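*Asks:* output the structure for:
(one chain, ligands or ions: 1)
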Amino acid sequence: MLERIFLHQKQFALKLRGESLDVRIEALEALEKSIELHKQDIIDALKKDFQKPEAETLLSEIYPVLKEITYAKKNLSRWAKGRRVPTPLTLFGSKSYIVPEARGVCLLIAPWNYPFQLAFSPLVSAIASGNCAIMKPSEQTRHTSSIIKKITTEAFHPDHVFVAEGGPETTQELLSFAFDHIFFTGSTRVGKIVMTAAAKNLASVTLELGGKSPTIVDATANLAEAAEKIAWAKFINAGQTCVAPDYLFVHESVQHNFKKHLIAALEKFYGKSAEQRKQSPDFARMISFNHSQRLKDLIDEAVSKNAKVFFGGESQPEEHYCGPTLIEGVDPHSLIMQEEIFGPILPVMTFKEISEVIHFINERPKPLALYCYTHSQMNMEKIEKETSSGGLVYNDSVIHFANPHLPFGGVNHSGMGSYHGKHGFLEFSHQKAVLKQSFLGKLLRVMYPPYTEFKMTAL
Ligand code: NAD
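*Replies:* Residues are numbered from 1 along each chain as shown. As a prediction, this is how the structure comes out:
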């Protein structure tokens, strides 16, 4: 059945090429309308899947998609226009253009952590660029997956957009088809599987992967402000955020003060006692028992290697709960410093010289994001020039995700390609080189064979 849908989409994608941009705008409007209609259902689904607070669903799942649609509708005619480029003297008389054309049929594979937004944001770009798409939402968030299916079925003909529900076996089946482009959001491990499968058909890929995003707080930072921003960015969605600060490096001269501010921020957000934090309606649950158990094991292993939990540490895997946790003295060889944490545990380490931190980052895979809280121009320059990361944010965390003018994506282990706004439109388009020759092109023919002595002297 999936193969039949795929083959129908292949046909429909050819038809779409000849259509005006109005067809894409109408499709975006249909999606917008269906999302608006089902706002409450989306909120309810995410609550059922992992007790995601309503405010966080609105802020991080629904609004970003609606904003992406509005932005694409407003700018589409400008993005889709061919762009004239200069022609060198040797091709005198001709005209050259770059024309963005739809890639064709795209496969969009989504993760569970922002299951709604990360399924639909890439779809907005895919549609704006004139593609067909099969979406594969995460099997771990089944309520959200079924509302994604409902919205899509209401808004599109299956020859244009189709949702294939299921787990890794479904992805494996889909990966055997010759898609024109594969857009994958998920772990680095599965990203490698996807890229290997794409290579068989030479499909282009966008990989939006994970990793450990370091966060630096130097001695010049505004500590109270930095602590609050980091606490928000780390613990929203209970730490299950690809761009969440994974671990902290705090200058040793300000560490005591900073830790006090960090604890104060967590108590203000979620409650002073462990029980209050557990009952907080503003703190989500872990996605599964296995994921909660993994986090508990990370804490236990770090503690067995002399790390110290100085805030939180409560963990009840059977209830999918892991409380906001701060831990210090971690051994860089412990698992918590090797794996992406992807949960509400924040290791706090200290440093003396910024060069130590730069060395630490450069010894590990390139992160998806790097955050630096500082007022030192020199430190900013050093970090920007001497490290590599998908994104870099000064004096805040995570918010670069919300600027549609910035490309969002990783580098090497944290991903390849980018999207959001025009960057998404370009990612789902092939930049076709078009050259239009005029009658003056005849002049070039003088250089065709036979290469006489006379012609050779002219070269
Ligand atoms: P995952 O890689 O386990 O799963 C992602 C998707 O791949 C799911 O739809 C799943 O069904 C499918 N899948 C899983 N195993 C597969 C296999 N063996 N073969 C084929 N398909 C398979 O990721 P996840 O656990 O859903 O999400 C968490 C990860 O995603 C984290 O690493 C996080 O950092 C990353 N992430 C990255 C971004 C980003 O924008 N860069 C955003 C969100 C999450």
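*Asks:* burial count for the nearest residue to residue 440 once chain neighbours are set aside?
*Replies:* Leaving out its chain neighbours, the residue that sits closest to residue 440 by CB to CB, 6 or more residues apart in numbering is residue 93, at 2.7 Å. All C-beta spots, glycine's among them, are computed from the backbone N, C-alpha and C. Residue 93: 14 surrounding residues under other CB atoms under 10 Å.
*Asks:* what secondary structure does residue 93 sit in?
*Replies:* Counting by DSSP: H, G, I helix; E, B strand; the rest coil, the backbone at residue 93 sits in coil.
*Asks:* neighbours of residue 107, how many?
*Replies:* Neighbours around residue 107, by other CB under 10 Å: 26.
*Asks:* my error: substitute residue 441 in the last question.
*Replies:* As a burial measure, residue 441 scores 14 neighbours (other CB under 10 Å).
*Asks:* the stretch 301-450 of the chain against the ligand: which residues are in contact?
*Replies:* 340, 342, 368, 410, 415 (CB under 6 Å from any ligand atom).
*Asks:* distance of the residue of the stretch 201-350 of the chain found nearest the ligand relative to residue 56?
*Replies:* Closest contact between the stretch 201-350 of the chain and the ligand, by CB to the nearest ligand atom, is at residue 210 (2.3 Å). Distance, residue 210 to residue 56, using CB to CB, to the nearest Å: 19 Å.
*Asks:* please apply the same query to residue 73.
*Replies:* In this view, residue 73 and residue 56 are 26 Å apart by CB to CB.
*Asks:* is stretch 274-294 anywhere near the ligand?
*Replies:* No - using CB under 6 Å from any ligand atom, stretch 274-294 stays clear of the ligand, with a minimum separation of 7.8 Å.
*Asks:* up against the ligand, what does the stretch 51-200 of the chain have?
*Replies:* For the stretch 51-200 of the chain, the residues in contact with the ligand (CB under 6 Å from any ligand atom) are 109-113, 118, 136, 138-139, 167-168, 171-172, 185-187, 190, 193.
*Asks:* which of those residues are buried?
*Replies:* Buried by 16 or more other CB atoms under 10 Å: 109-113, 118, 136, 138, 171, 185-187, 190, 193, out of these.
*Asks:* phi, psi of residue 159?
*Replies:* Taking degrees, to the nearest 10, you get phi -70, psi -20 for the backbone angles of residue 159.
*Asks:* how deep is it tucked in, by neighbour count?
*Replies:* A count of neighbours around residue 159, defined by other CB under 10 Å, yields 17.
*Asks:* does the closest residue to it other than its chain neighbours sit in a helix, a strand or a coil?
*Replies:* Leaving aside its chain neighbours, residue 159 sits nearest to residue 12 (4.0 Å; criterion: CB to CB, 6+ apart). Following three-state DSSP, residue 12 is assigned to helix.
*Asks:* contacting residues for the residue of the stretch 201-350 of the chain closest to the ligand?
*Replies:* By CB atoms under 8 Å, 6 or more residues apart in numbering, the contact list for residue 210 reads 186-188, 242, 340, 342, 368, 414.
*Asks:* out of the residues you listed, what pair is the most spread apart?
*Replies:* Within the contacts of residue 210, 342 and 414 form the most distant pair, 13.3 Å apart (CB to CB).
*Asks:* quick one, which of the two is more surrounded?
*Replies:* Between residue 342 and residue 414, counted using other CB under 10 Å, the more crowded position is residue 414 (28 against 24).
*Asks:* the more buried one is in contact with residue 408, isn't it?
*Replies:* No - checked against CB atoms under 8 Å, the pair residue 414 and residue 408 is beyond contact range at 11.3 Å.
*Asks:* what is in contact with the two at once?
*Replies:* Common contact partners of residue 414 and residue 408 (CB under 8 Å, 6+ apart): residue 390.
*Asks:* list the residues that contact residue 206.
*Replies:* 122, 181-184, 409, 415-419, 427.
*Asks:* next, give phi and psi for it.
*Replies:* The phi/psi pair for residue 206 (degrees, to the nearest 10) is phi -120, psi 130.
*Asks:* which pLDDT value goes with it?
*Replies:* pLDDT, residue 206: 98.
*Asks:* just give the closest residue to it, not the sequence neighbours.
*Replies:* Distances taken as CB to CB, 6+ apart put residue 417 closest to residue 206, at 3.5 Å, once the chain neighbours are dropped.
*Asks:* spatially nearest residue to residue 436, not counting backbone neighbours?
*Replies:* In this structure, residue 436 finds its nearest non-sequential neighbour in residue 95, 4.7 Å apart by CB to CB, 6+ apart.
*Asks:* residues contacting that neighbour?
*Replies:* Residue 95 is in contact with 84, 87, 435-436, 438, counting by CB under 8 Å, 6+ apart.
*Asks:* now do the contacts for the spatially most central residue of the chain.
*Replies:* In the chain, the centroid-proximal residue (CA atoms, centre = their mean) is residue 208; its distance is 4.8 Å. Counting by CB under 8 Å, 6+ apart, residue 208 makes contact with 118, 183-186, 242, 408-410, 415, 417, 419.
*Asks:* was I right about the residue nearest to residue 206 contacting residue 205?
*Replies:* Yes - the pair residue 417 / residue 205 is scored as a contact, 7.0 Å apart, by CB under 8 Å.
*Asks:* shared neighbours, those two?
*Replies:* Contact criterion CB under 8 Å, 6+ apart; residues shared by residue 417 and residue 205: residue 183.
*Asks:* what's near enough to touch residue 39?
*Replies:* Listed by CB under 8 Å, 6+ apart, the contact set of residue 39 reads residue 62.
*Asks:* I meant to write residue 375 there.
*Replies:* Here residue 375 is in contact with 220-222 (criterion: CB under 8 Å, 6+ apart).
*Asks:* give me the buried positions along whatever helix or strand residue 348 lives in.
*Replies:* Using DSSP states H and E, residue 348 falls within strand 345-351. Neighbour-count burial for strand 345-351 flags 345-351 (criterion: 16+ other CB under 10 Å).
*Asks:* tell me the strands beside that strand, with direction?
*Replies:* With DSSP bridges as the test, strand 345-351 is paired with strand 245-251 (parallel), strand 325-328 (parallel).
*Asks:* next SSE after the first one?
*Replies:* By that I understand strand 245-251. That would be, after strand 245-251 and using DSSP H and E, helix 255-270.
*Asks:* in CSV, list the C-alpha atoms belonging to that following helix.
*Replies:* Extracted C-alpha coordinates of helix 255-270, given in CSV (Å, rounded to 0.1, in the frame of the first residue of the first chain):
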residue,chain,number,x,y,z
GLN,A,255,30.6,29.1,40.4
HIS,A,256,29.2,29.4,43.9
ASN,A,257,27.1,32.4,43.1
PHE,A,258,26.0,31.0,39.8
LYS,A,259,24.8,27.7,41.3
LYS,A,260,22.8,29.7,43.9
HIS,A,261,21.0,31.5,41.0
LEU,A,262,20.4,28.3,39.1
ILE,A,263,18.8,26.6,42.1
ALA,A,264,16.7,29.8,42.7
ALA,A,265,15.5,29.7,39.1
LEU,A,266,14.5,26.0,39.3
GLU,A,267,12.7,26.6,42.6
LYS,A,268,10.8,29.6,41.1
PHE,A,269,9.8,27.6,38.0
TYR,A,270,8.8,24.3,39.5
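*Asks:* thank you, goodbye.
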